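> fold the following, please.
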Amino acid sequence: MTAYITASLLELETPVTDPVVTKGLSCLKSVIEDVKNTYTTALLAYTFSLAKDTDTQQQLFKKLEDVAISDRSHLHWSQSESAGDSDSLAVEISSYVLLAVLTTDSVTTADLGFANRIVSWLVKQQNAYGGFSSTQ
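Now for the predicted structure:
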């Protein structure tokens, strides 16, 4: 919940120096080492991208790289490798990673290539109406 609220405040351009944001980021940073959940890792990566905390963001990206599901042209994340894993959850996780990549201060050509692979996978998940299976 802290990550959602902190990210929302940062999206509203609340300064990182605001006491609520500072305390939220501090609380989140204290648990990063213990996070094993891919969804939470992706959400934290986005939150710290919004906060312009590149060191923490890179630490989270490293965790995400270790669990990425990749082929030559597509890249995505899933909560588990089980066949019963929700497609909508994989879309949401991958979308948070995409937002984290594109929210950095200076997006490089390598970042754009990385993002392109995520977008390529996301596009394949669209239904006939252009939407996705019931994501938030």
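
> for Ser78, see how far away the nearest residue to Thr14 once chain neighbours are set aside is.
The spatial neighbour of Thr14 that comes closest, neighbours along the chain excluded (CB to CB, 6 or more residues apart in numbering), is Val21 at 5.5 Å. Yep, even glycine has a C-beta here, placed from its N, CA and C like the rest. Val21 sits 30 Å away from Ser78, going by CB to CB, to the nearest Å.

> coming back round to it: my guess is the residue nearest to Thr14 contacts Leu10, does it?
Yes. Counting by CB atoms under 8 Å, Val21 does reach Leu10; the two are 6.6 Å apart.

> quick one, which of these two is more surrounded?
Using other CB atoms under 10 Å as the criterion, Val21 and Leu10 rank with Leu10 on top: 23 against 19.

> and the nearest residue in space to the more buried one that is not next to it in sequence, how far from Glu11?
Excluding the flanking residues, the one nearest Leu10 by CB to CB, 6+ apart is Leu50, at 3.8 Å. Separation of Leu50 from Glu11 (CB to CB): 6 Å.

> neighbour count winner among the two?
With neighbours defined as other CB under 10 Å, Leu50 and Glu11 compare such that Leu50 has more, 24 against 13.

> number of residues surrounding Leu112?
12.

> quick check: it is in a helix.
Yes. Secondary structure of Leu112 (DSSP: H, G, I helix; E, B strand; the rest coil): part of a helix.
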